[in-house]
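In: kindly generate the corresponding structure for this input.
(one chain, ligands or ions: 1)
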Amino acid sequence: MKNYKIAVVPGDGIGNEIVPEGYRVLEAVAKKHNFSINSDSFEWGAGYYLKHGKFLPDDGLETLKGYDAVYFGSVGLPAVDDTLPAKDYTFKVRTSFNQYVNYRPVRTYPGVTRPLRSEKHIDFVIVRENTEGEFVQMGGQYLPDEENGMGTDTSVFTRKGIERVAHYAFKLARKRRNKVTHITKSNTLINSLAYWDRVIKEVAEQYPDVEHEQMYIDNSTAMFVLKPEIFDVVLTTNLFGDILSDLGGAIMGSLGLGGSGNVNPEKEFPSMFEPIHGSAPDIAGNNIANPYGQIWSAAIMLEHLGEVEAAQSIMEAIDKSTSEGVLTVDLGGSAKTSDVADAVIKNL
Ligand code: NAD
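Out: Numbering: from 1, shown residues only. Take a look at the predicted model:
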C-alpha cells in the first residue's frame, strides 16, 4: 500500500479550523482509495512567533524536506506585524523549495450563487509566477521619518524564472482547452514586463498548437467579471496573480472556495497546498469558516502526488455537497465548518 508523509501546518486564525476538517477528508479518501497517510502537525505561524520570536524553528525548512507535501492553512494575526507572515513563512517556503508555480484554479460550484450576471460555466486556472517578480522584497525605506523620505521595491524577472513558469502554463493548456492568456502591463512597465512578454512569446513559439493571447492586467480584471468563460490558462506575475486569484475566488462566490498549490513541478522539494485566502481573524473561532477551498487544496495535493482518482473523488463529493445545499454563511447558508467536511466525507 502506498504511503504519503504529509506535514500539516494549520497556521493561524481559521487555519486551525479548516485544516483539521480538510485533513479528515484526506483520511477518508485515503481509506477509500487504498493508500495511507502519515502526518505530523506543526504549530508554526504568527501564534508561534508571539511565543518564540520566529515563524518556524531554525531547522523548520529542513524538517519539511522530509515530507512528500505540506498541507497548509494560512498565517497572520492582528497582534503581529503583517509584513512578517509572507516574508518569514510563506515566501520562505515557496522560494526555498523552488515552488515556482502557484496553481490556482477557478470554477463554478454547483448550487452556489455567484455574483456575476452570466450563468455561463467558468473553468480556468491561474498560473501565478511564485518566486520572483514584484515580491522579491528587494528595496528599502530611506529616511522614512523625514520630509524627503522614500520607499522602494524592485521587481525582478529573470529569463530562467519566466521560461520555466511559461513552459508549465503551455503544457498545462495542452491538457485543458489549449489556450494561454498571459497577463502583462508592458505598456507602462516597459523594462520588466516587456521582458516578461518577450520571453513568454519565445516559449509560445514552441507550442504552435496552443492559442496564445496577451492581455493587460487592467483589461483582464474587467474580463474576469464580464467574460470569465474566455479564459483557460491565465499566466501571470506574482503580484497580479495574487490579486487576480482573489477576484477568481469572488467570481466563484466566495474567497473561501479557492484551493491552490505552490508547486515544484520537478518534485525536487515538497510542494505546499493551501486555500487562496488568509487567516480571516475576523471570523476565526466560530466554526463558520468555509472549508471548501481547503478541501479542494487536498484534492490538488493528491493529484500532484499521483492519486488522480482520489482527487477526482473529492471534487465529486464537493460538488454533491454544494448541490445538496451544504453551504456556509459566506455562501448564504447555515452549515458549520465541520458540517461541510461531514457532508463531503458522506458523499465520497
Ligand atoms: P483574508 O483572506 O484572511 O480575509 C478576507 C475576507 O474574506 C475576510 O472578511 C474573511 O472573513 C473572509 N474569508 C476569508 N476566508 C474565508 C473562508 N474560508 N470562509 C469565509 N470567509 C472567509 O484576508 P485579510 O483579512 O486581508 O488578511 C488576514 C490575515 O491573513 C493577514 O494577516 C494576512 O497577512 C494573512 N494572509 C495570509 C495568507 C497566507 O498565509 N498565504 C494569504 C493572505 C492573507
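In: what bridges to the spatially most central residue of the chain?
Out: Closest to where the C-alpha atoms of the chain average out (Cα atoms, centre = their mean) is S260, at 3.1 Å. Here S260 sits in beta bridges with E274, going by DSSP bridges.
In: so what's it up against?
Out: N102, Y103, R104, P105, S245, F273, E274, P275, I276, G293, S297, I300 (Cβ atoms under 8 Å, 6 or more residues apart in numbering). C-betas here are computed from N, CA, C, even on glycine.
In: can I get the residues you listed in a markdown table with neighbour count and distance to the ligand?
Out: Shown next, in a markdown table, are those (neighbours: other Cβ atoms under 10 Å; distance: Cβ to the nearest ligand atom, whole Å):
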| residue | neighbour count | distance to the ligand |
| --- | --- | --- |
| N102 | 25 | 10 |
| Y103 | 24 | 14 |
| R104 | 27 | 12 |
| P105 | 20 | 16 |
| S245 | 23 | 10 |
| F273 | 28 | 11 |
| E274 | 30 | 6 |
| P275 | 30 | 6 |
| I276 | 25 | 8 |
| G293 | 23 | 6 |
| S297 | 27 | 11 |
| I300 | 23 | 15 |
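In: what about stretch 91-102, start to end distance?
Out: In stretch 91-102, first residue to last residue: 12 Å (Cα to Cα, to the nearest Å).
In: list the buried residues in that stretch.
Out: F91, V93, R94, T95, F97, N98, Q99, Y100, V101, N102 (16 or more other Cβ atoms under 10 Å).
In: now the two most distant members of the residues you listed.
Out: F91 and V101 (14.6 Å; Cβ to Cβ).
In: strands of the stretch 51-200 of the chain, start to end?
Out: 69-74, 101-107, 123-129, 133-142, 150-156, 179-184 (DSSP state E, counting those that start in this stretch).
In: picking up where we left off before, go through the contacts of S260 and name the one nearest P85.
Out: Among the contacts of S260, and counting by Cβ to Cβ, the member closest to P85 is E274, at 12.2 Å.
In: helices and strands around the helix or strand harbouring A310, which ones?
Out: Element membership for A310, per DSSP states H and E: helix 308-323. Contacts defined by 3 or more Cβ pairs under 8 Å, 6 or more residues apart in numbering; DSSP states H and E place helix 308-323 against helix 15-32, helix 292-305, helix 337-347.
In: now the residue in the stretch 51-200 of the chain that the ligand sits nearest to. Nearest residue, chain neighbours left out?
Out: Residue of the stretch 51-200 of the chain nearest the ligand, by Cβ to the nearest ligand atom: G76 (2.2 Å). Spatially, and ignoring its direct neighbours in sequence, G76 is nearest to P85 (4.2 Å; Cβ to Cβ, 6 or more residues apart in numbering).
In: do the same with F35
Out: K2 (4.3 Å).
In: quick one, phi psi at the one you found?
Out: Main-chain dihedrals, K2, degrees, to the nearest 10: phi -70, psi 140.
In: ok, it - contacts?
Out: N34, F35, S36, E307.
In: of all those, which two lie farthest apart?
Out: So, the contacts of K2 by Cβ to Cβ: farthest apart are S36 and E307, at 11.3 Å.
In: so for the two, which sits in the more crowded spot?
Out: The neighbour count for S36 versus E307, taken as other Cβ atoms under 10 Å, is higher for E307 (21 against 11).
In: how near is the more buried one to I318?
Out: As judged by Cβ to Cβ, to the nearest Å, E307 and I318 stand 16 Å apart.
In: re earlier: just put the contacts of K2 in JSON lines and tack on distance to the ligand.
Out: Below are these laid out as JSON lines (distance: Cβ to the nearest ligand atom, whole Å):
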{"residue": "N34", "distance to the ligand": "30"}
{"residue": "F35", "distance to the ligand": "27"}
{"residue": "S36", "distance to the ligand": "28"}
{"residue": "E307", "distance to the ligand": "24"}
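In: would TSV of these with secondary structure and pLDDT be doable?
Out: Formatted as TSV, the contacts of K2 follow (DSSP: H, G, I helix; E, B strand; the rest coil; pLDDT from 0 to 100):
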residue	secondary structure	pLDDT
N34	coil	95
F35	strand	97
S36	strand	97
E307	coil	98
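In: re earlier: which positions in the helix holding A310 come out as buried?
Out: Buried residues in helix 308-323, defined by neighbour count with 16+ other Cβ under 10 Å: A310, A311, S313, I314, M315, A317, I318, D319, K320, S321, T322.
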